[in-house]
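Visitor: fold the stuff below for me.
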Amino acid sequence: MAKTVVITGAGRGIGLATARELAERGDRVVLVARNREQGEAARDEIGGDAELVVGDLGTRDGVAALASELRARFPETDALVHNAGIWPGRKVLNADGFEQAFFTNHLAPFLLNHLLEDVLKANAARVVQVTAGLYPKGRVDPERTPQGLDFHSIRTYADTKLANLMTVPLFAERWKDAGVTITAVHPGVIRTGLGDRPGPLGLLLKLVKRSWAAPEAGARPVARLVAEPSPALYYEEERPTDLVAPATDTALARRIWADAAAAFDVA
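Guide: Numbering: from 1, shown residues only. Below you'll find the predicted structure:
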């Protein structure tokens, strides 16, 4: 049965490839993109009944506006794929005072899950969180990471993906009686624009990326998890895998959840 699937970060890369694959399977895809021109090109490429929502996952107001539009236009949403993410080369604070990657990679999906929770429950929806296999390299200090006081141009990406991943088991527990399921997936090492930057390091990264897999390879496990229910919380590409430390620190996970909930005044 065809699903209505909302995909963030769908203007390019793994998000676009996932939307393309799901549309080819017969699903109705809703592409969320920050850049209108890029989003329109992606929607037109997919064709059919693909829809576009221009939305910014970089601020609290942006997430709230996006949630409001999704609720109004797509109350029948069957699946939500959190694919949008950034890997910044320098520290930037957003309008809410959070380090940008901490907000976009962790707080934005946390808040969007809350703001769409009644829609997800009404449709017994499936949530797929695209994450990163390097999360064990991350470290989250609740007193420093949210504001980027421990920012590092390489490690912060792992820190923020770890923070987000640690909320997945808690969302699963929260939704277990409501019929909503959530799974995180590391799509593999994929050649996308993530982490692109200028200068010699950027040039080196481009050379390295030539050997990485195409976005279509990263889209396959994401699309499969949308289509097929799974009891596992985390996948390494196609393989269900147990989370490892530090993602298994339940006390830290509850602190991360509590801090995010307090920041947005949600439960």
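
Visitor: do you have the strands of the stretch 101-250 of the chain handy? List them.
Guide: Counting by DSSP state E, counting those that start in this stretch, the stretch 101-250 of the chain has these strands, from start to end: 126-130, 181-186, 234-236, 239-240.

Visitor: packing partners of the second one?
Guide: Based on contacts counted as 3 or more Cβ pairs under 8 Å, 6 or more residues apart in numbering; DSSP states H and E, the elements that strand 181-186 packs against are strand 126-130, helix 155-175, helix 215-227, strand 234-236. Just so you know, the C-beta spots here come from the backbone N, C-alpha and C atoms, and that holds for glycine as well.

Visitor: can you check the third one too?
Guide: In terms of contact count using 3+ Cβ pairs under 8 Å, 6+ apart, strand 234-236 is assigned the packing partners strand 181-186.

Visitor: give me the buried positions along stretch 157-174.
Guide: Within stretch 157-174, the residues scored as buried using 16 or more other Cβ atoms under 10 Å are 157-172, 174.

Visitor: sorry, wrong one. I was asking about stretch 110-125.
Guide: Those would be 110-117, 119-120, 123, 125, for stretch 110-125 by 16+ other Cβ under 10 Å.

Visitor: quick one: contacts of stretch 165-176?
Guide: Residues outside stretch 165-176 that contact it (Cβ atoms under 8 Å, 6 or more residues apart in numbering) are 106, 110, 113, 120-121, 127, 129, 131, 135, 140, 181-184, 233-234, 243, 247, 249, 252-254, 256-257, 260.

Visitor: filter these down to the buried ones, PyMOL style.
Guide: Selection of buried members from the contacts of stretch 165-176 for PyMOL, criterion 16+ other Cβ under 10 Å:
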select buried, resi 106+110+113+120+127+129+131+135+140+181+182+183+184+233+234+243+247+252+253+256+257+260
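
Visitor: re the thing from before, of the buried residues of stretch 110-125, closest to residue 37?
Guide: Distance to residue 37, by Cβ to Cβ, is smallest for residue 112 among those, at 23.2 Å.

Visitor: can you pull the contacts of the closest one?
Guide: Residue 112 makes contact with 8, 57, 63, 66-67, 80, 82, according to Cβ under 8 Å, 6+ apart.

Visitor: so residue 146 touches residue 99, yeah?
Guide: Yes - if you go by Cβ atoms under 8 Å, residue 146 and residue 99 touch, sitting 6.6 Å apart.

Visitor: okay, the helices and strands packed on strand 181-186 in a markdown table with distance to residue 30 and mean pLDDT next?
Guide: A markdown table is the format used below for the helices and strands packed on strand 181-186 (distance: least, Cβ to Cβ, whole Å; pLDDT from 0 to 100):
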| stretch | distance to residue 30 | mean pLDDT |
| --- | --- | --- |
| strand 126-130 | 14 | 97 |
| helix 155-175 | 21 | 97 |
| helix 215-227 | 12 | 94 |
| strand 234-236 | 23 | 96 |
